[in-house]
Each structure stands twice: as C-alpha cells, then as structure tokens.
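Trainee: this one's sequence-less:
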C-alpha cells in the first residue's frame, strides 16, 4: 500500500519564504530593466542605421526630401504595427540624429542608452553640444521621462547647474575630489516654481510644500539625493535643535542640510549653518561618512556679503537662491511652462507607468 505524506503548508510569514519572494522580485525587476535597456539600445542602433542610410543615399544619388516621404510610406505598409516608428517625421529625426552625433563617438554611446522619445526632445529643444551632453547624461543617470526632461530644459537646468557662478567654500573646507563633486551637485539657483507658491509667504510654507512635493524637489536637487526628513531634530547638551530639511547624498556619501530663508541673505545665517553642521558631524554622521554639507536657500543675496560670510567658515557651506513662479527674472518668464500646467503634468507623470510609451515619439 502506497503511503501518502501530507504536504507542508507554507506560511506567508515564514522568513525563508519571504526571502525567496524578495529574491524572486529582485531578479524579475533586474531582468526587466536589463531587457528594457537592451531593447532601447537595439532600437537606437536600428534608427541610427536608417539615418545613416538616408544621408548616404541623399549624398550618393542626389535624392532630396522625397526619399524620406517615400521610404516612410513603404515602411509603414511593410510594418503596419509600427506606424509611429517609421513615420516621415521620425525618419527625419533619425537622419538629423545621425548628422548631429556622427562626429561625436562619446555621445553616440550615451544617446544609445536613453529612450528615443527623450533623444528627440533633446534634439528639438537643445542647440549646443555641451548642453546636449548635460541633458543626455542626466536623463541616463536619473531616468527622466520626456515630461521631466522638458521641464528641466525649460527651467534652464544646464545654465543654473553648469554655467552659473556658485558661491560656496567647498574648495577650502573639503578634499579636492570631494569639493569638485560637491560643487557639481549644487546649483546657483533652484527653481521651486512647481510648488505653486507666490509671495508673500512664510518660510514654513515653503518647507511644507517642498515636503509635500518631495518628488519634484528631488528632481530639482539632482542625482543622488535621498530625503531624510524636515525639521530634523538633534538633541545635544539637554537642548533641541531643528534643521529645516535634511538629505543624504549617495554620491558624496554625506548628509546635506538645507536651511530656507524667505528674504535676503544675512551673514549670521552662515554661522548658524556652521553650528548645525558641527552638530550633524558629532551626533548624527556615521563613522564611514564624509563631513556634512550645508546649503542656505535665500530669495536674494549680495555676492559680496556671501563671500565674506563664508570666509574662514570651517565647515562646507554653500549659498544659493530659490525662485518661485511670481519672482522669476523677466527674461525667464517666456521660457518656463505655466506653473498650473506643470503641476498637472507632474501629477499625470506620477500615475503613468515608468516604461509606458518611453520609446514613442512625443
């Protein structure tokens, strides 16, 4: 007689099962990402080849615009399931992409790693090569969707991040390699127009809205920032101290404290930030982490006062400005999207699937 054994029931709280489930989820996610990246590169290689062939045919046979229209029609009939991919508009982008980057092998490698739709936005909206390289690399690093990329371009992220004269004492207070990285992670002006705030307002209002919309704030701060908390509490010597916003930067491996000041920069702000950084380093920082950095955000500043306030400060401190929708420089008003439309776009973006339509042309 055959004996049967009762099958053991697996509890969903069993640590061994939880480990198996987590391992399976991680493997599936990493595989999906790898497949998506491979698909993105393969698609770009196809589009690059088509662009190259169009340019070569026009050069060799003297064909003009008609070759693009004719080829698009025939390809759509041959592959009806990919009508957008082989539209005449998209074929022109392929041709222009090849012409733009054919002499730039370093950029060719990077553009192949970001979705085609984002490549098209950069090709359309950004003119010079240096700024193109910035937006391509940031899109790769931060996984910007088309709408996020467009928002960054419209807010002149490249100019604020790379071309502005930043005020900090990083080179005097940090090792050279860290000082360079810290300076690169800082912007001279932070665009907070997506918060939907207009002056007059209190500092707490700015802080609370930044926390409520932390996703958009993180995009503005840049790569590597992780949010720890607002009004971060430190207890020392029987007293409590509170830092407006505290972040951790994975690339720099240090804490980054932000203090928000609604008005003009005052020299005493540097002393207070220096005090907070001493507390963070002594009571919060882990042994393996680098010294903390402080960023003071003000609505306006005098560069002379900032320079002398930071001179001799022992800890690394930077001073930057923030901009709200009603306090933008006149020359930027026609270059930034409407705040209400931008907020609606951000809400839509939060709901959309991360990979949905990434390979379609906007």
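Mentor: Received it, and whenever you're ready, just let me know what you need. Since the model is a prediction, treat every value here as computed from it, not as a measurement.
Trainee: which other residues reach stretch 122-133?
Mentor: 93, 96-97, 100, 104, 107, 110, 135-136, 139, 149-150, 153, 158-159, 162 (CB atoms under 8 Å, 6 or more residues apart in numbering). From N, CA and C alone the C-beta is placed, and that goes for glycine too.
Trainee: got it, and stretch 264-276?
Mentor: Looking at stretch 264-276 with CB under 8 Å, 6+ apart, the contacting residues turn out to be 234, 241, 243, 257, 259, 261, 294, 296, 298-302, 305-306, 308-310, 313-315, 317, 319.
Trainee: Filter these down to the buried ones.
Mentor: Buried members of the contacts of stretch 264-276, counted by 16 or more other CB atoms under 10 Å: 234, 241, 243, 257, 259, 261, 294, 296, 298-299, 301, 305-306, 309-310, 313, 315, 317, 319.
Trainee: Sort out for me which of those are in helices.
Mentor: Counting by DSSP state H, the part of these found in helices is 305, 306, 309, 310.
Trainee: Nearest to residue 179 among the residues you listed?
Mentor: Distances from residue 179 to these, taken as CB to CB, are shortest for residue 310 (13.3 Å).
Trainee: got a list of what the residue lying closest to that closest one once chain neighbours are set aside touches?
Mentor: Closest residue to residue 310 apart from its sequence neighbours, by CB to CB, 6 or more residues apart in numbering: residue 169 at 4.4 Å. Shown in contact with residue 169 (CB under 8 Å, 6+ apart): 310, 311, 313, 316, 317, 318.
Trainee: Residue 105 versus the nearest residue to the fifth one once chain neighbours are set aside, what's the distance?
Mentor: Closest residue to residue 317 apart from its sequence neighbours, by CB to CB, 6+ apart: residue 294 at 4.6 Å. Separation of residue 294 from residue 105 (CB to CB, to the nearest Å) stands at 41 Å.
Trainee: ok, now residue 168?
Mentor: In terms of CB to CB, residue 168 sits 35 Å off from residue 105.
Trainee: Now do the strands for the chain: every range, in order, please.
Mentor: According to DSSP state E, the chain carries its strands in the segments 167-168, 189-191, 225-236, 239-249, 254-264, 293-300, 317-323.
Trainee: could those strands go into CSV alongside distance to residue 125 and mean pLDDT?
Mentor: Listed next are the strands of the chain as CSV, based on distance: least, CB to CB, whole Å; pLDDT from 0 to 100:
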stretch, distance to residue 125, mean pLDDT
strand 167-168, 29, 80
strand 189-191, 16, 68
strand 225-236, 25, 89
strand 239-249, 28, 91
strand 254-264, 29, 88
strand 293-300, 27, 88
strand 317-323, 20, 84
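Trainee: Between those strands, which one is closest to residue 21.
Mentor: Of all the strands of the chain, strand 225-236 comes closest under CB to CB, at 25.1 Å.
Trainee: I'd like the distance from that closest one to the chain centre, please.
Mentor: Here strand 225-236 is found 22 Å from its chain centre; the criterion is CA atoms, centre = their mean, to the nearest Å.
Trainee: any idea of the angle that strand forms with strand 239-249?
Mentor: 160 degrees (axes from the mean of the first three to the mean of the last three CA atoms, to 10 degrees).
Trainee: in strand 225-236, what's buried?
Mentor: Residues of strand 225-236 classed as buried: 225, 227, 230, 232, 234 (neighbour count, 16+ other CB under 10 Å).
Trainee: Repeat that for stretch 245-262.
Mentor: If you call a residue buried by 16+ other CB under 10 Å, then stretch 245-262 has these buried ones: 245-249, 252, 254-262.
Trainee: next one: stretch 86-99
Mentor: By 16+ other CB under 10 Å, the buried positions in stretch 86-99 come out as 86, 87, 88, 90, 91, 92, 93, 94, 95, 96, 97, 98.
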